[in-house]
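> Sequence first, predicted coordinates after that:
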Amino acid sequence: MIRCVEIALSIPDNEARTALATLERLGVPAAALERADLYRCDVDDAHADELPQTLRAFETIFNPNKHVLRVREGDSPLAGEVWIDEVGRDVIVAPVRIAGRTLPGVRSLERFTAWRLFAPAGVPAAPDLVDAATAMLLCNTAFQKATR
Amino acid sequence: MSVGVLIFPGTNSEDETLRACRAVGLATELVPWNAPLDDVRAFDAYVLPGGFAYEDRVRAGAIAAHDRLMQAVREGAAAGKPVLGICNGAQILLESGLAPQLDDRVGVQAGFARNAPLGKFRSTHVYVKLAIPPERSAITASLPPGTVIPAWASHAEGRLAAAPDVLARLEREDRVAFVYCAADGSVTPESVPNGSALGAAALVNGRGNVLAIMPHPERDAWTFMHHDPARDRAAGDTAAMLATSGGIALFAGLAAALERSVRV
């Protein structure tokens, strides 16, 4: 089954703040911007429930003092969100390793940077706003691809 | 004629770049990101040095490309002023669209992506060879054809990447200013440290006044920096050891470009 796990900062995200300030300078009227590392895994049923705990054990991607890990219900971008990946980056197939350690039961893994924009009212940004932010800053299409 | 070496938060190669410019006789100043724009506009050329501007947030060079300081660089480039970007400076120039700036396209046309095949930071000595007719760029116009320059590749994102049609145009329109090569100038796949498309180490814009080079010539610009017999021969001779050489050629090219612009 497909499991989508996001790891985001629980402390202020300076990178997202900088990106938001730059978007403002570029005339994109987003009120807030969130960023997360996203792991979309195809994991066998027997290991699906333990996947979050497995990822929490990888100190190179998850630090409990500053990260929060969530399992998403779906496996596609949320409203107001864009996923950025590199063109040509292969899907990692079993045995899937992170920092030299194997993820048990994971048949394949894709990694994205998820950016989620919010409109001034605190609701997810409209698609045209996300498109503008993607084109102007978040994605260099020369070597990246955006999933909406 | 004066040169501004631009500093963004996270730039880290400004001192050696400043020294290299001054070593070829250029009146050069460091320019911080919060300098008044009119002061920045007064320079006759700009050098964007290496480092990690804005911590490479979003992507290497992506935030700095939209910094207010770049307004003066855009205006200067449009007016024909020489602009040299080194490493992170080169990434900024590509993210800003100032290079390669294919005429019928707007915005970003290429990028320096993560090194291939491992996607890891590499710091290694390299040679680059002038791959265009020298006169194609103001900054290379004084160099002999096929000039080989030593430098240090020191980056995690130095692999030129672009759509196939863009790569074809870069090649066809003499936009790949330097390619990686061996010490003898032979161009081999093994010389490319990062999987860069076309073996490219540097791109130039259509007008020829904006040059974006990934490896650092300023880090191999004095004899004592060399990893070759020249340094051995200079051993015990302080003056010889401190003499400029190798990578200084690119800065001499910049000086020559400014000198020509005065004569014109």
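Perfect, thanks for sending it. What you see is a predicted model; the values in this text were computed from it and never measured.

> ok, longest helix in the chain?
Picked chain A for this. Using DSSP state H, we find that the single longest helix of chain A is helix A:14-25.

> ah, I was thinking of chain B
Secondary structure of chain B read by DSSP H shows that its longest helix is helix B:248-263.

> Show me which positions of that helix end up buried.
B:248, B:249, B:250, B:251, B:252, B:253, B:254, B:255, B:256, B:257, B:258, B:261 (16 or more other Cβ atoms under 10 Å in any protein chain shown). For the C-beta atoms, the positions are set from N, CA and C on the backbone; glycine is no exception.

> Contacts only, for the spatially closest residue to the fifth one that is not a sequence neighbour.
Looking back up the chat, that one is residue B:252. Among residues not flanking residue B:252 along the chain, residue B:24 sits closest, at 4.8 Å (Cβ to Cβ, 6 or more residues apart in numbering or on different chains). The contact partners of residue B:24, by Cβ atoms under 8 Å, 6 or more residues apart in numbering or on different chains, come to B:244, B:248, B:251, B:252, B:254, B:255.

> if we can go back for a sec, quick check, the longest helix of chain A touching chain B?
Yes. Against chain B, helix A:14-25 shows contacts by Cβ under 8 Å from any Cβ of the partner chain at A:14, A:15, A:18, A:19, A:22, A:25.

> can I get the residues you listed in TSV with distance to residue A:107 and pLDDT?
Putting the residues of helix A:14-25 next to chain B into TSV (distance: Cβ to Cβ, whole Å; pLDDT from 0 to 100) gives the following:
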residue	distance to residue A:107	pLDDT
A:14	35	97
A:15	31	97
A:18	36	97
A:19	33	98
A:22	38	98
A:25	43	95
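
> Strands along the stretch 101-250 of chain B, start to end?
Taking DSSP state E, counting those that start in this stretch as the criterion, the stretch 101-250 of chain B carries its strands at B:111-113, B:122-130, B:148-155, B:159-161, B:176-181, B:200-204, B:210-213.

> Equivalent analysis for chain A, please.
Taking DSSP state E, the strands of chain A run over residues A:2-9, A:32-43, A:67-72, A:81-86, A:92-93, A:97-98, A:101-102, A:106-118, A:144-147.

> follow-up on the earlier one: of all the strands of the stretch 101-250 of chain B, which gets the most neighbours per residue?
Most buried of these, by mean neighbour count (mean count of other Cβ atoms under 10 Å in any protein chain shown): strand B:200-204, with a mean of 30.

> So for that strand, mean pLDDT?
Per-residue pLDDT over strand B:200-204 has a mean of 98.
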